[in-house]
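Enquirer: Take a look and give me a structure for this.
(one chain, ligands or ions: 2)
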Amino acid sequence: MQVLKTAEGVKECGVGYFRAGLWKPRTHPGNFEGAGAAAIPWMQKARDEFGLKICTEVANREHARACIDAGFDMLWIGARTTVNTFQVQELAEALKGTGTPIFVKNPVSRDIGLWSGAVERLISSGVRNIGLIHRGFPSFEKTRYRNLPEWQAAIEMRGIFPDLPMICDPSHIAGDSSLVAEIAQQALDLGLDGLMIECHCNPEAALSDPLQQLTPESLSELLGSLRLRDTDTEDKAYQARLAELRSMIDAYDDAILYALSQRMEASREIGKIKREHNISILQLARWDELMEKAIISGKEKGLSEEFVRDIFNEIHKASVISQKN
Ligand code: PEP
Ligand code: MN
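Expert: Ligands and ions are numbered 1, 2, ... in the order given. Prediction:
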């Protein structure tokens, strides 16, 4: 059987958890939707035979109850479910008081509020042992990834819930087995706490997402190639250099804030004289010119157009508001 054969391969890679989708949300009807509750004994067998902890995706109260009763070691809420407050609420009710770890995947749209809201809903319902899974975001643009990594979103979410473990699902970001390793490494470089990687004993025969499945052999190779980063070191030279660089950053930040406050002052003064001469605040031609100059000057200094545009748009917004006052 595919499940047990894969479980055996995964165990040989030294992996601790075994994931399999019992209930698979599929975009189109008629695709393989998982074996459902009938697969619970297969998962229990994988656990008993190979000493693996078992986990799966749950999307409603029946799924959650069945898995909790069957002693699953971890469950996750899929990207399509995270967006649905009613489903998250009913999952919260089923999970409350059980202690079963529940991981929340980022939603299918790049909306941190939807992701953090789902987590808040679990917390406020009394659910404990919550974790996060970063699986990237779909994009209309054609990119080499199935889902864009958008690491910034993961970092933002980390900032909101610094105490929750966050793992990465590089398989769903990649959509292609040849890209999984580089994304897995990036996730570790950013300090994420673990990886959920799809593996199949015979990827070509996989009933879902065959292109992104690794064989147990390639999973083992990938795991062997990953470089784990330390979070800290006793190395004195490193610590001294880090302190020096950090104090430089602090000084630059001060200089940026000082320059911004001076700029704002000049801008308020402009607002004042415009009012005195009955001139409208927003003068788009001037703004376009200023932005163009900033982008060119930024490029000369090694700053990307997107970065300069974002910063100047924020500055412009604040400056228009201050001129109105
Ligand atoms: C999955 O993990 O198999 C899955 C369907 O993922 P997602 O919810 O991220 O699409
Ligand atoms: Mn999938």
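
Enquirer: Identify the residue spatially nearest to the residue most central in space within the chain, adjacent ones excluded.
Expert: Nearest to the mean C-alpha position of the chain, by C-alpha atoms, centre = their mean, lies His134 at 3.0 Å. Among residues not flanking His134 along the chain, Ala154 sits closest, at 4.3 Å (C-beta to C-beta, 6 or more residues apart in numbering). From N, CA and C alone the C-beta is placed, and that goes for glycine too.

Enquirer: Tell me how many other residues crowd the one you found.
Expert: 24 (other C-beta atoms under 10 Å).

Enquirer: Please apply the same query to Arg227.
Expert: Neighbour number of Arg227 under other C-beta under 10 Å is 7.

Enquirer: Assign the closest residue to it other than its chain neighbours to helix, strand or coil.
Expert: Spatial nearest neighbour of Arg227, excluding adjacent residues (C-beta to C-beta, 6+ apart): Gln185 at 6.8 Å. On the three-state scheme (DSSP: H, G, I helix; E, B strand; the rest coil), Gln185 is labelled helix.

Enquirer: Quick one: residues contacting Gln185.
Expert: Gln185 makes contacts with Ser225, Leu226, Arg227, as judged by C-beta atoms under 8 Å, 6 or more residues apart in numbering.

Enquirer: What strand or helix carries Ser171?
Expert: Ser171 belongs to helix 170-174 when assigned by DSSP states H and E.

Enquirer: Please read the previous query as pertaining to Ile54.
Expert: strand 53-57.

Enquirer: how near is the residue in the chain that ligand 1 sits nearest to to Asn313?
Expert: Of all residues in the chain, the one sitting closest to ligand 1 is Gly78 (3.1 Å; C-beta to the nearest ligand atom). Going from Gly78 to Asn313 by C-beta to C-beta, to the nearest Å gives 35 Å.

Enquirer: Looking at the two, which has the bigger crowd around it?
Expert: Gly78 (22 against 12).

Enquirer: Please report phi then psi for that one.
Expert: For Gly78, the backbone dihedrals are phi -80, psi 160 (criterion: degrees, to the nearest 10).

Enquirer: Alpha carbons only: can I get the helix or strand in which Phe103 is found in CSV?
Expert: If you go by DSSP H and E, Phe103 is part of strand 102-105. Output of strand 102-105 as CSV, limited to C-alpha atoms (Å, rounded to 0.1, in the frame of the first residue of the first chain):
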residue,chain,number,x,y,z
ILE,A,102,-3.3,22.6,15.5
PHE,A,103,-1.3,24.4,12.7
VAL,A,104,-2.9,27.2,10.7
LYS,A,105,-1.9,27.5,7.0
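
Enquirer: Give me the neighbour count for the residue nearest to Pro25 when sequence neighbours are not counted.
Expert: Leaving aside its sequence neighbours, Pro25 sits nearest to Arg80 (C-beta to C-beta, 6+ apart; 4.8 Å). Residues near Arg80, counting by other C-beta under 10 Å, number 16.

Enquirer: One more: Ile54?
Expert: 25.

Enquirer: Also the one 4 residues further on?
Expert: Residues within reach of Val58, counting by other C-beta under 10 Å, total 27.

Enquirer: residues in contact with it?
Expert: If you count contacts by C-beta under 8 Å, 6+ apart, then Val58 has Trp23, Ala64, Cys67, Leu75, Trp76, Ile77, Leu91 around it.
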